[in-house]
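Enquirer: Task: produce atomic coordinates for the following.
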Amino acid sequence: MSLKIRLARAGSKKRPYYHIVVADARSPRDGRFIEQVGAWNPMLPKDGERVKLNEERLQHWLSEGAQPTDRVVRFLDQAGLAKRDTRNNPTKGLPGKKAQERLAAAKQAEEAAAAKKAADEAAAAEAANAPAEEEAAS
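Expert: Numbers count the residues shown, from 1 in each chain. Predicted coordinates for the structure are as follows:
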C-alpha cells in the first residue's frame, strides 16, 4: 500500500482549513485516512500559528515510506523534518530568444556609446595638452 502525507480540506465555503493526514494514495482527498498528523489554517497571518505538526508521528510515517505532497514538503522543510528539492528546470526562468537578442543588441549599443565617449574624452584631453606643449616649447 502506497502512503501519502497530504492535505484534506475542511472548513466552510471561502474559509478553508486543512488537516495534514496520512492516507492511502488511492483514497479520495477528503475521504478515508489513516492518521491526522497536523493542520494548516491559511486564514491566519503568516507570522502566526498557521501550521501545526505532530513531528514525532510525521517522522514515524516518513520512516515507513509515506511520500509527502509538494505543499506538505514545504511545511516539513520549514520545520526541518524533510529537505525540499531544488527546482527541476533552472533555465525555465531565463528570457526567451527574442528578449536575449534585444539584450545583446542593447549591450552592444551601450559598449559602442562608452567607446565613443572614451575616444571623445581622449581627443579633448589631447587638444588641451597640445596648446600647453606649444607654450612650453616657446
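
Enquirer: Quickly list the domain ranges of the protein.
Expert: According to automatic domain parsing, the chain is divided into the following domains: 3-79, 94-138.

Enquirer: So, low pLDDT: which residues of the chain?
Expert: Residue ranges of the chain with pLDDT under 70: 87, 130-138.

Enquirer: Where do the strands of it begin and end?
Expert: Here the chain has its strands, by DSSP state E, at 3-12, 15-24, 35-40, 51-53, 67-68.

Enquirer: Flag every buried residue along the third one.
Expert: If I follow you right, that is strand 35-40. Neighbour-count burial for strand 35-40 flags 35, 37-40 (criterion: 16 or more other CB atoms under 10 Å). Heads up, the C-betas are built off the backbone N, CA and C, glycines and all.

Enquirer: What of the first one?
Expert: For strand 3-12, burial by neighbour count (16+ other CB under 10 Å) applies to 3-8.

Enquirer: Can you list the neighbours in contact with it?
Expert: With CB atoms under 8 Å, 6 or more residues apart in numbering as the test, strand 3-12 has contacts from 16-25, 29-30, 33-34, 37, 40, 58, 61-62, 64-69, 71-72.

Enquirer: cool, and the shortest one?
Expert: Outside strand 67-68, the residues within contact range by CB under 8 Å, 6+ apart are 2-6, 25, 62, 76, 82.

Enquirer: and it, which strands flank it?
Expert: Strand pairing for strand 67-68, using DSSP bridges, gives strand 3-12 (parallel).

Enquirer: The partner strand: how far from the chain's middle?
Expert: Mean-position distance between strand 3-12 and its chain equals 24 Å (CA atoms, centre = their mean, to the nearest Å).

Enquirer: now stretch 101-121
Expert: Relative to the chain's own centre, stretch 101-121 is displaced by 33 Å; criterion: CA atoms, centre = their mean.

Enquirer: How about stretch 64-83?
Expert: Worked out by CA atoms, centre = their mean, stretch 64-83 lies 17 Å from the chain centre.

Enquirer: what does stretch 72-87 give?
Expert: Using CA atoms, centre = their mean, the offset of stretch 72-87 from its chain centre is 13 Å.

Enquirer: Nice, that's everything, thank you.
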